[in-house]
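Student: here is a sequence with its predicted model. Questions after.
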Amino acid sequence: MNTLIVSQENEIGYIYFNRPEQANTINEEMIEELEITIEQFSQNDKLKALIFRGYREIFVSGGDLNQHQQMSGNQVYPLLYRVGKLLDQIAKLNVITIAAVEGKAIGGGCEIVSSCDFCVASSSATFQFIQARLGITTAWGGGSRLMKKIGTKKGLQLLLTGEQISSHQGHHIGLVDWVYEDEHFTHSLKKLLKKLTRPSKPAIYTFKKMAQLVESGVSPSQIYPLEAQGCAECWDLEKHQKSVNYILSPLLKQKSNE
Ligand SMILES: CC[C@H](C(=O)O)C(=O)SCCNC(=O)CCNC(=O)[C@H](O)C(C)(C)COP(=O)(O)OP(=O)(O)OC[C@H]1O[C@@H](n2cnc3c(N)ncnc32)[C@H](O)[C@@H]1OP(=O)(O)O
C-alpha cells in the first residue's frame, strides 16, 4: 500500500492514513486502497473492531483540492458517489468502527468520522466540516450521518457555519464519544478497545445489526426475533458457559457469604 498502513492485532484491525507529505489528503490512489482494505476486512470473520487513524497533527485533511480545480461538477460526481458508497460500506460493517482522531479532521476527514460508530479524540484534536466555506456541501454522505448522530439542528449548524470545533466541543454535542489527553492517547485507546471488544464476535455482530435497524427506524417489536436469534447463537459459546460456571461456582458463593 502507498497511502495506507494496514495492520491487525488479534481481533482489531487498524487503517493508518499515510500521506503526511500531503496532510493525509484523500486522493484517488487512497480511495482505491481503502476500497481494497475495507473489502478484505469485511471478509475477516475474526475481526471485532476496525480503527481509523492519522498522525498526531492530522487525521485526514479531506478530499484532494487539486481535483476541485481540474474537474467539472459532472466529471467529479462519479468520484464523490464512489467515496459515498465506500463510507456507506464502512458504516455497515458488522464490527465496531472507531475514528481515532489526533490533530485535525477537515472536510471529508469529518465525513469519515461520522461514518464510524464511535469517535475517540485527543484533547487537542479539532473537527471542521469546512465544505460550506468552500462553497460546496458534504459529498460522501457524512453530512446526513452527522445529523443522524448529533441531531438535525446541531448538525445543520455545524454544516452551515463550517466552524472548527475542539474535541471537547465535539464531545459536548455528541460527535466525539471519548476524549483522552494527547500524551496518553494510544494507551487510553488500547484500554478502551479492550473493554469494547470483550463481547464475543456474534454478540458484537448482533448488537451492530440491532443498532443499524434502530437507526433506520425499525421498531423494537420487529427486532426482538433478531435479538433472540443473536443470543441463542452466543449461548453455546465457551465464553458464555465459562462465565455462568464462574458465577455459580461455590468459591464465589463462599466469598459472597463472607
Ligand atoms: C467531501 C470532501 C470535500 C471534497 O473533497 O469535496 C473536502 O474534503 S474538500 C477539502 C477540505 N480540506 C481542506 O480544505 C484542508 C486544506 N488544507 C489545510 O487547511 C492545511 O493544509 C492543513 C491544515 C490540512 C495542514 O496545514 P499544514 O500547514 O500542516 O500543511 P500544508 O498546508 O503546508 O499542507 C501540506 C501539503 O498538503 C497539501 N494539502 C493540504 N490539504 C490539502 C487538500 N485538501 N487537498 C490538496 N492538497 C492539500 C498542501 O497543499 C501542501 O502541499 P505542498 O505541495 O507542500 O504545498
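Tutor: Great, that's in hand. Predicted, not measured: the structure shown is a model, and the values here were computed from it.
Student: rest of the way, CA atoms for contacts and neighbours
Tutor: Will do.
Student: any idea which helix or strand comes after the helix or strand harbouring residue 99?
Tutor: For residue 99, the element it lies in under DSSP states H and E is strand 96-101. Remark: after strand 96-101, the chain's next helix or strand is strand 104-106, criterion DSSP H and E.
Student: who touches that following strand?
Tutor: Contact partners of strand 104-106, identified using CA atoms under 8 Å, 6 or more residues apart in numbering, comprise 57-62, 125-130.
Student: pull out the buried residues from the strand or helix carrying residue 213.
Tutor: In the assignment (DSSP H and E), residue 213 maps to helix 201-215. Under the neighbour-count criterion of 16 or more other CA atoms under 10 Å, helix 201-215 has 201-210, 212 buried.
Student: do the longest helix along the chain and the ligand come into contact?
Tutor: What stands out as the longest helix in the chain, according to DSSP state H, is helix 73-91. No: on the criterion CA under 6 Å from any ligand atom, helix 73-91 is out of touch with the ligand, staying 7.2 Å away.
Student: I'd like the mean pLDDT over that helix, please.
Tutor: Regarding helix 73-91, the rounded mean pLDDT is 97.
Student: next one: stretch 28-42
Tutor: 98.
Student: ok, the residue of the stretch 151-258 of the chain found nearest the ligand - contacts?
Tutor: Residue nearest to the ligand within the stretch 151-258 of the chain (CA to the nearest ligand atom): residue 162, separated by 10.6 Å. Going by CA under 8 Å, 6+ apart, residue 162 touches 128-133.
Student: could you find the closest non-adjacent residue to it?
Tutor: residue 130 (4.5 Å; CA to CA, 6 or more residues apart in numbering).
Student: right, and the one you found touches residue 163 too?
Tutor: Yes: between residue 130 and residue 163 there is a contact under CA atoms under 8 Å: 6.9 Å.
Student: before we move on, what SS does residue 199 have?
Tutor: On the three-state scheme (DSSP: H, G, I helix; E, B strand; the rest coil), residue 199 is labelled coil.
Student: measure it to residue 148 for me?
Tutor: 26 Å (CA to CA, to the nearest Å).
Student: which parts of this structure sit against the ligand?
Tutor: Residues of the chain lying near the ligand (CA under 6 Å from any ligand atom): 21-23, 25, 61-66, 106-108, 131, 138-140.
Student: try 8 Å
Tutor: 20-26, 57-58, 60-68, 80, 104, 106-109, 111, 130-131, 134, 136-140, 142 (CA under 8 Å from any ligand atom).
Student: so which of these belong to helices?
Tutor: If you go by DSSP H, the residues of the chain next to the ligand have 65-68, 80, 108-109, 111, 142 in helices.
Student: if we can go back for a sec, can I get the contacts of strand 104-106 in CSV including pLDDT?
Tutor: Shown next, in CSV, are those (pLDDT from 0 to 100):
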residue, pLDDT
57, 97
58, 98
59, 98
60, 98
61, 98
62, 97
125, 98
126, 98
127, 98
128, 98
129, 98
130, 98
